[in-house]
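Enquirer: Compute the structure for the input listed below.
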Amino acid sequence: MALIKVEKQDRIATVIIDNPPMNTMSPGVIEELGATFADLNSDNDVLAIIMTGAGEKAFMAGGDIKGFPEKIGNPHLIPSFLNTHKVLNSIDFSPKPTIAVLNGYTLGGGCELALTCDIRISEEQALIGVPESTLGLFPGGGGTQRLPRLIGEAKAKELMFTGEHITAEEALRIGLVNRVVPKGEGLESGLKLAKKICKNSPTAVRNIKRAVDEGLELPFNKALEREAELFQELFLTEDVKEGVQAFLEKRRPQFPGK
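Expert: Numbers count the residues shown, from 1 in each chain. This is a model prediction of the structure:
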């Protein structure tokens with residue numbers, strides 16, 4: 001039985017984590033996420049990706065704690081941790097815009113998974129947090145690096161030190177999620193946003209993502225140089241020809257995506 005399901009419509013792929021009852025990040029889920037994003041990242045027919053959890057309880061309520069006892073005392077776990085990073089990076093660095101729809105508990109590895117997406121939409125009932133310190137651990141799926149980059153060092157440390165769960169509204173206030181919607185309306189909101197993004201030039205959206213992601217890791221002057229390179233790249237595409245021509249002709253552009 002597949003733990004990850006994919007539905008496609010209007011050039012948008014919806015990735016559904018289906019590992020009941022709480023969609024935990026088991027080794028099987030990690031493996032299937034890796035295979036799924038390997039396919040979607042290279043699929044030219046897909047312009048945007050939405051990720052959510054099956055059911056109404058959880059987006060993903062953490063890692064597979066039942067498998068933790070066999071890891072205790074093992075000094076050779078780094079390769080498996082690095083494999084998890086590889087899978088999560090394939091989502092973070094996807095050339096497609098990604099939207100996480102948080103439809104319930106988004107804890108531990110679930111929060112770290114949500115952090116790999118470009119945009120997060122939370123339903124109002126969701127609880128979000130990184131409670132690993134309450135188990136003697138810390139967020140080892142990139143959370144110690146992605147969370148401070150998103151919400152700032154001090155607030156990220158507070159959430160990780162305390163392990164507390166926060167509400168969707170608090171997550172919105174601190175910039176952890178982009179918007180909060182009523183229960184049951186997350187996927188609809190995600191699809192509406194994805195469709196709006198897909199109306200624009202795929203090459204422009206891709207280069208915006210690259211400019212932001214790569215620029216955040218560079219000194220400011222180097223980041224501006226990288227922006228100039230990516231901007232120059234767009235002027236060699238068919239999308240910019242169509243976009244400018246459509247503007248001059250006062251019509252809606254039909255971007256070829258190349």
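
Enquirer: give the contact list for Thr31.
Expert: I think there's a mix-up here, since residue 31 is Glu and not Thr. Val87 (C-beta atoms under 8 Å, 6 or more residues apart in numbering). Just so you know, the C-beta spots here come from the backbone N, C-alpha and C atoms, and that holds for glycine as well.

Enquirer: Buried residues, the strand or helix carrying it. List them.
Expert: Using DSSP states H and E, Glu31 sits in helix 27-41. Within helix 27-41, the residues scored as buried using 16 or more other C-beta atoms under 10 Å are Val29, Ile30, Glu32, Leu33, Gly34, Thr36, Phe37, Leu40.

Enquirer: now those residues as TSV including pLDDT and distance to Gln145?
Expert: Shown next, in TSV, are the buried residues of helix 27-41 (pLDDT from 0 to 100; distance: C-beta to C-beta, whole Å):
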residue	pLDDT	distance to Gln145
Val29	97	21
Ile30	96	18
Glu32	98	24
Leu33	98	19
Gly34	98	19
Thr36	98	23
Phe37	98	19
Leu40	98	24
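
Enquirer: which residues in the stretch 101-250 of the chain form helices?
Expert: Taking DSSP state H, counting those that start in this stretch, the helices of the stretch 101-250 of the chain run over residues 109-115, 143-151, 153-162, 168-173, 186-198, 202-215, 220-234, 238-248.

Enquirer: Please list the residues outside the second one that contact it.
Expert: By C-beta under 8 Å, 6+ apart, the surrounding residues in contact with helix 143-151 are 92, 111-112, 115-116, 130, 132, 138-139, 156-157, 159-160, 174-176, 216.

Enquirer: mean confidence for that helix?
Expert: Across helix 143-151, the average pLDDT comes to 98.

Enquirer: just the angle between that helix and helix 153-162, please?
Expert: Angle of helix 143-151 versus helix 153-162, following axes from the mean of the first three to the mean of the last three C-alpha atoms, to 10 degrees, is 140 degrees.

Enquirer: quick one: buried residues of helix 143-151?
Expert: Those would be Gly143, Thr144, Arg146, Leu147, Pro148, Ile151, for helix 143-151 by 16+ other C-beta under 10 Å.

Enquirer: Among those residues, which one lies nearest to Ile197?
Expert: When these are ranked by distance to Ile197 (C-beta to C-beta), Arg146 comes first, at 21.3 Å.

Enquirer: That closest one and Leu216, how far apart?
Expert: Look at Arg146 and Leu216: by C-beta to C-beta, to the nearest Å, they are 11 Å apart.

Enquirer: What residues does the nearest residue to Gly63 once chain neighbours are set aside make contact with?
Expert: Nearest residue to Gly63 in three dimensions, chain neighbours excluded: Gly109, at 4.3 Å (C-beta to C-beta, 6 or more residues apart in numbering). Neighbouring residues of Gly109 by C-beta under 8 Å, 6+ apart: Thr24, Met25, Met60, Gly62, Gly63, Pro139, Gly141.

Enquirer: could those be laid out in TSV, adding secondary structure, distance to Val101 and neighbour count?
Expert: TSV is the format used below for those (DSSP: H, G, I helix; E, B strand; the rest coil; distance: C-beta to C-beta, whole Å; neighbours: other C-beta atoms under 10 Å):
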residue	secondary structure	distance to Val101	neighbour count
Thr24	coil	18	23
Met25	strand	17	24
Met60	strand	12	28
Gly62	coil	18	23
Gly63	strand	20	26
Pro139	coil	21	25
Gly141	coil	19	25
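
Enquirer: Which of those residues scores worst on pLDDT?
Expert: Among those, pLDDT bottoms out at Gly63, giving 82.

Enquirer: so who does that one touch?
Expert: By C-beta under 8 Å, 6+ apart, the residues touching Gly63 are Thr24, Met25, Ser26, Gly108, Gly109, Gly141.

Enquirer: hmm, 7 Å instead?
Expert: Thr24, Met25, Gly108, Gly109 (C-beta atoms under 7 Å, 6 or more residues apart in numbering).

Enquirer: Repeat that for Thr24.
Expert: Taking C-beta under 7 Å, 6+ apart, we find Thr24 in contact with Met60, Ala61, Gly62, Gly63, Asp64.

Enquirer: Many thanks, we can stop here.
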